[in-house]
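Trainee: Give me the fold of what follows.
(one chain, ligands or ions: 1)
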Amino acid sequence: MSKLRVNAFTVSADGFGAGPDQGREYPLGRGGEALHEWLIPTLTFQRDVQRKAGGTTGPDNDFAERSFQNHGAWIMGRNMFGPVRGPWPDHEWKGWWGANPPYHVPVFVLTHHPRPPLEMQGGTTFHFVTDGIEAALARARDAAGEKDVRIGGGAATIRQYLQAGLIDELHLAISPVLLGRGEPLFAGIDLTALGYRVTERVLTGTAMHLVLAR
Ligand SMILES: NC(=O)c1ccc[n+]([C@@H]2O[C@H](COP(=O)([O-])OP(=O)(O)OC[C@H]3O[C@@H](n4cnc5c(N)ncnc54)[C@H](OP(=O)(O)O)[C@@H]3O)[C@@H](O)[C@H]2O)c1
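Mentor: Residues are numbered from 1 along each chain as shown. A predicted model of the protein is given here:
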């Protein structure tokens, strides 16, 4: 049965999914690039995102590989899609990922600011959804069919789906860095009251991987 999943979402040891001052200069906020030291060198990230040969294998790569399996649609927040805030001044911004983004399925971007769908190369179309998380999920499930829907992030988006009790499974990578400020994932969220428990844990040199499920 189709699941709503979070995969490879990385938080700092103090619980932030991005540092402060997001923008073109700091896509993940100040200091945020350190979060993904577990992910960037992996074979999967190098192959599927950077389109380069080589990369590490082992447990970090296994989690990266799993993150790209069996999903038929993505959901993300507008801040993950890019640095433009407020009403779209034009339609020039097309995401961080170039002409052929690494999604290859429909991607539903939560925003308060309408914009026509944006078709990219390689099967990715960004759809901008202005009527909330449940509408985005309904559209994503429809697009995904039997496959899962993956929520990419950021923290604000995951938090809403958690609070609504809609996420079946989360793979979190806890990175051994402190960000101090930024976008908190857990503040005010009671994961035990929501029914989650840790179902898998793997410690590597660069991250503690936890899978939470209900
Ligand atoms: N650590 C990781 O693994 C990871 C993964 C993905 C992304 N990131 C990073 O996380 C950061 C973004 O996270 P974030 O928490 O700031 O924001 P986000 O969740 O990506 O986006 C939040 C924005 O999306 C729109 N939005 C969210 N919910 C909505 C709703 N229910 N209805 C309408 N619009 C809604 C709003 O934008 P508007 O009101 O402006 O439309 C809101 O300000 C970026 O730096 C990104 O690079 C990190």
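
Trainee: Name the secondary structure element that contains the most centrally placed residue in the chain.
Mentor: By CA atoms, centre = their mean, the chain has its centre lying nearest to G152, at 1.9 Å. Per DSSP states H and E: G152 is located in strand 148-153.

Trainee: what's the answer for A135, then?
Mentor: helix 133-144.

Trainee: From the contact count, pick out the helices and strands touching that helix.
Mentor: Here helix 133-144 touches strand 71-77, strand 106-110, strand 125-129, strand 148-153, helix 155-163, going by 3 or more CB pairs under 8 Å, 6 or more residues apart in numbering; DSSP states H and E. From N, CA and C alone the C-beta is placed, and that goes for glycine too.

Trainee: Assess the claim that the residue nearest to the centre of the chain and R78 are in contact.
Mentor: No - if you go by CB atoms under 8 Å, G152 and R78 don't touch, sitting 11.7 Å apart.

Trainee: Tell me where this protein has strands.
Mentor: 4-12, 16-18, 71-77, 106-110, 118-119, 125-129, 148-153, 169-175, 183-184, 197-203, 208-213 (DSSP state E).

Trainee: Check these for me and report the most buried one.
Mentor: strand 16-18 (a mean of 28; mean count of other CB atoms under 10 Å).

Trainee: Now do that one, average pLDDT.
Mentor: On average, the pLDDT along strand 16-18 is 98.

Trainee: partner strands of it, parallel or antiparallel?
Mentor: strand 183-184 (antiparallel) (DSSP bridges).

Trainee: can you give me the mean pLDDT across the partner strand?
Mentor: 98.

Trainee: one step back: now the helices and strands packed on helix 133-144 as CSV including distance to the ligand?
Mentor: CSV is the format used below for those (distance: least, CB to the nearest ligand atom, whole Å):
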stretch, distance to the ligand
strand 71-77, 2
strand 106-110, 4
strand 125-129, 7
strand 148-153, 3
helix 155-163, 3
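
Trainee: Format these as TSV; extra columns: distance to D60 and mean pLDDT.
Mentor: Listed next are those as TSV, based on distance: least, CB to CB, whole Å; pLDDT from 0 to 100:
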stretch	distance to D60	mean pLDDT
strand 71-77	19	98
strand 106-110	24	99
strand 125-129	28	98
strand 148-153	18	98
helix 155-163	21	98
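
Trainee: Any chance of those in a markdown table with distance to P20 as columns?
Mentor: Shown next, in a markdown table, are the helices and strands packed on helix 133-144 (distance: least, CB to CB, whole Å):
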| stretch | distance to P20 |
| --- | --- |
| strand 71-77 | 16 |
| strand 106-110 | 21 |
| strand 125-129 | 26 |
| strand 148-153 | 16 |
| helix 155-163 | 12 |
